[in-house]
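A.B. asks: with the sequence up front, the predicted model follows.
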Amino acid sequence: MKQNNMLAMILAGGRGSRLHDLTNKVAKPAVSYGGKYRIIDFPLSNCANSGIDVVGVLTQYESILLNSYVAAGRRWGLDAKDSGVYVLPPREKADENLNVYRGTADAISQNIDFIDSYAPEHVLILSGDHIYKMNYAKMLAEHNANNADATIAVIEVPKKEASRFGIMNTDEEGHIIEFEEKPEHPKSNLASMGIYIFNWKSLRKLLVADIKNPDSHHDFGKDIIPAMLAEQKVLYAYKFKGYWKDVGTIDSLWEANMDLLDANNALDLNDSTWKIYTEDATTLPQYIGENADIKRAFITQGCVVDGDVENSVLFTGSKVRSGAVVMDSVLMPGAVVEEGAIIHRALIAEGVHIGKNAVVGRADSENIELVAKRVKGEE
Amino acid sequence: MYSAFGIVNPSGRQFWVEGLEDYRPIGAISFMGRYRVIDFPISNLSNSGIDRIQVYIKRKPMSLTDHLGTGRHYNINSKRGRLQILFSENTAEHDIYNTDIASYIDNMESIKRMHHPYVVIAPSYMVYKADYSALIANHVESGADITMMYHSVDNAKENHLNCNVLNLNRQKGVLSIEPNHGTAKSRNIFMDTYVMKTELFIDLVQKAKAVSSMYTMADIINDSCSELDIRGVAHRGFFATITDFESYYNANMSLINIKTAMELFNEDWPIYTRTNDSCPTQYFENADVKKSVVSNGCLIEGSVENSIIGRGCVIKKDAVVKNSIVLAGAVVGEGVHVENQVVDKRAQLIHVKEVVAAPDKPGYIRREDTL
């Protein structure tokens, strides 16, 4: 807590039900992305790189894997003295029954005691399921310079898509004057990224009041931010420029992976000054066979490629046998494409086998095909 | 499970990997792109349940200590286990006094503090997979004083030169130990890997010291063949000795064949190394990669054939890398043709367009050099 007196809380309880079979047994923040990462590696690495030492991770939906994954704070360098990643699922308390987290704000409210134990000046609220790189220390500096009660990170979105987001209307200095959740006629294109810095004392008061409010959804966007505006608190928008993606659907998860194939992609995972840390895989390097033909691909260690791979992302330990063709597709960890199989515009889930000469997906399909079960080929 | 500690030894003065070894000991040399040679013996020990490990260093400690760190990445128990780096200060680079015995004498206090009844000694310049817990069990069961691992080869005339050879009787008893001078094809190459009681080990170190300041452990064991029960145990699977530039090059190249690699790598027997948190490798539109082993963090626009590419290398457009080993962070510039080379870390091959050596005599490009 010494570095900047800010504690981070990552909301990681969501299912992400539009990711279908990918989130049957894991929460969305634990979904694999970008060859070797899980989505939650991004906020966790951002915290570590921003000098935040204590991170609480609020888990709820299918949390077994996520709990053990984030608890190894060492992976992100969050394991020094007075540093750590704390897994915070709902819990029973001496004077209260076990309650599920009813909303984003409620998840924080139920952990007021945890945050109090560190007595931070600021609390940073993050989403566990967004892909982006951001220096929260810069945002905090702006928050302090503005003497704000809360600062909300925003990103410019295309005007026609603005009605899908929570939109911030600001004055010229970035002072937030109005917040509209998914407005039909948006007045601005500044979308909330779900990243908030609050002064802990003022947030704490609002949360205590929110718990008791029977009409509240216990949600930051719907309840806490409007309440702060109603109380004429000082709220600022922090403009973020760069790559940011909320992968809600199979198509958008596929697209976020495809974004990495662009040499100048804004996420730039190769930047050695802002690395994204993840679990260390003890696998071989990539083995590229003599029949391989690889063009525009993002491939990680443990992969064995002896077929054609074009415009695709291959995750840890996935295999493409000789004569197989993988086009415009994503192979998640351990997926195997047997000899002669042809895959177009598909996302092959973890460990799934595509049998010999099987054909999956179509080059001209509108949507991406999710393959979560073994596809039998010729025996 | 018998309780043993491990010793990982540097090579003796008879071995020198030209070029690469100017910067670091053999154990710290990059292997197969993402590993260092020493990852193999330490992973073998760790996977065998041995988590008190002494690594001896005689020269150029920086690269190796940097790589080993606390040893946490070798999956050794963080409380009961320990990876200890022991530096031997009294031995100069090519000095005749530069023996394993000298290093043990220098660190005798640390050895005597080990409460484990057995010791397993392994070299940091050989690459193989072996389960030492089976070796120890075999040793205890046989009642031998010393058990030594060997690998039978039929190419000893040109390979494994100056490595020790075990002469065995029919019952695998060790009759004598002698250096391989390339006089016969079939030989039992001693893997510089042995197990014995810690007590006997200390005793032999002191005996060797008393006999000659130039004596090695192998020398004193050779002298003891008639008094002690010394047995050989054969090793099967992939085996390489990294004792000179050529053997380094050949060992790497042979593992490009995935069938050969599967003899060394096994999911149940992970080889640990220090992570670098590099992102996956990017293959661009004009990339043409065949029959190669590629590490993470590379940007590949050119063609790569029959080569090993280390972490974070850049292969530019129209560049050709063939039959080469490119170490981490090297850059092969646009249109540059590299063939039959070992390119050391962070070298920049950008101005000269042809960097080609003869196939039977691979070349070496110095670390951080610009061509």
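C.D. replies: Sure thing, it's come through. Residues are numbered from 1 along each chain as shown, chains lettered A, B, ... in the order given.
A.B. asks: helices of the chain, start to end?
C.D. replies: Answering for chain A, as no chain was given. Under the criterion DSSP state H, helices of chain A are mapped to A:41-49, A:64-71, A:104-109, A:112-118, A:136-145, A:200-212, A:225-230, A:250-259.
A.B. asks: actually, chain B is the one I wanted.
C.D. replies: Secondary structure of chain B, counting by DSSP H: helices at B:39-47, B:61-68, B:100-106, B:108-112, B:132-142, B:198-211, B:217-223, B:245-254, B:258-264.
A.B. asks: can I get those helices in JSON lines with mean neighbour count and mean pLDDT?
C.D. replies: C-beta here means a position set from N, CA and C on the backbone, and glycine is covered the same way. Shown next, in JSON lines, are those (neighbours: other CB atoms under 10 Å in any protein chain shown; pLDDT from 0 to 100):
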{"stretch": "helix B:39-47", "mean neighbour count": "25", "mean pLDDT": "98"}
{"stretch": "helix B:61-68", "mean neighbour count": "17", "mean pLDDT": "93"}
{"stretch": "helix B:100-106", "mean neighbour count": "22", "mean pLDDT": "93"}
{"stretch": "helix B:108-112", "mean neighbour count": "12", "mean pLDDT": "96"}
{"stretch": "helix B:132-142", "mean neighbour count": "17", "mean pLDDT": "96"}
{"stretch": "helix B:198-211", "mean neighbour count": "17", "mean pLDDT": "97"}
{"stretch": "helix B:217-223", "mean neighbour count": "21", "mean pLDDT": "97"}
{"stretch": "helix B:245-254", "mean neighbour count": "20", "mean pLDDT": "97"}
{"stretch": "helix B:258-264", "mean neighbour count": "14", "mean pLDDT": "95"}
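A.B. asks: what pLDDT is listed against B:Ala28?
C.D. replies: Reported pLDDT at B:Ala28 in the predicted model: 96.
A.B. asks: sorry, back to before: and of the helices of chain B, who's closest to chain A?
C.D. replies: Between chain A and the helices of chain B, the shortest separation by CB to the nearest CB is 5.2 Å, and it involves helix B:258-264.
A.B. asks: residues in contact with the closest one: which ones?
C.D. replies: Helix B:258-264 is contacted from outside by A:284, A:287, A:289, A:304, B:127-129, B:237-238, B:254-255, using CB atoms under 8 Å, 6 or more residues apart in numbering or on different chains.
A.B. asks: let's see that with 6 Å instead.
C.D. replies: A:287, B:129, B:237-238, B:254-255 (CB atoms under 6 Å, 6 or more residues apart in numbering or on different chains).
A.B. asks: drop anything exposed from these.
C.D. replies: A:287, B:129, B:238, B:255 (16 or more other CB atoms under 10 Å in any protein chain shown).
A.B. asks: can you say which of the helices of chain B is nearest to A:Val320?
C.D. replies: With CB to CB, the closest approach to A:Val320 among the helices of chain B belongs to helix B:258-264: 13.1 Å.
A.B. asks: off-centre distance for the closest one?
C.D. replies: Offset of helix B:258-264 from its chain centre (CA atoms, centre = their mean, to the nearest Å): 17 Å.
A.B. asks: measure the residue nearest to B:Gly143 when sequence neighbours are not counted to B:Lys197 for me?
C.D. replies: Excluding the flanking residues, the one nearest B:Gly143 by CB to CB, 6 or more residues apart in numbering or on different chains is B:Asp229, at 6.9 Å. Using CB to CB, to the nearest Å, B:Asp229 is found at 12 Å from B:Lys197.
A.B. asks: neighbour count: those two, which is higher?
C.D. replies: B:Lys197 (17 against 14; other CB atoms under 10 Å in any protein chain shown).
A.B. asks: what's opposite that one in the beta bridge?
C.D. replies: Counting by DSSP bridges, B:Lys197 is bridged to B:Tyr118.
A.B. asks: for chain A, see how far away it is.
C.D. replies: 32 Å (CB to the nearest CB, to the nearest Å).
A.B. asks: for that residue, report the pLDDT, please.
C.D. replies: On the pLDDT scale, B:Lys197 gets 98.
A.B. asks: again, but for B:Asn98
C.D. replies: You'll see B:Asn98 listed with a pLDDT of 82.
A.B. asks: check B:Thr91 too.
C.D. replies: For B:Thr91, the pLDDT comes out at 59.
A.B. asks: same question, B:His94
C.D. replies: 62.
A.B. asks: touching, B:Gly329 and B:Asp344? I think so.
C.D. replies: No - judged on CB atoms under 6 Å, B:Gly329 makes no contact with B:Asp344 at a distance of 9.8 Å.
A.B. asks: neighbour count for those two, which is higher?
C.D. replies: B:Asp344 (25 against 19).
A.B. asks: A:Gln286 touches A:Cys303, doesn't it?
C.D. replies: Yes - with contact defined as CB under 6 Å, A:Gln286 counts as touching A:Cys303 (4.9 Å).
A.B. asks: circling back to that earlier point, how near is the residue nearest to B:Gly143 to B:Tyr132?
C.D. replies: 20 Å.
A.B. asks: likewise for A:Asn189?
C.D. replies: With distances taken as CB to CB, A:Asn189 is found 64 Å from B:Tyr132.
A.B. asks: over to A:Asp21?
C.D. replies: Taken as CB to CB, the span from A:Asp21 to B:Tyr132 is 43 Å.
A.B. asks: cool, and B:Pro117?
C.D. replies: For B:Pro117, the distance to B:Tyr132 - CB to CB - is 14 Å.
A.B. asks: so where's chain A shaky on pLDDT?
C.D. replies: Within chain A, the set of residues satisfying pLDDT under 70 comprises A:1-4.
A.B. asks: write out the residues of it neighbouring chain B.
C.D. replies: A:35-36, A:269-270, A:275, A:277, A:280, A:282, A:284-288, A:290, A:292, A:294-301 (CB under 6 Å from any CB of the partner chain).
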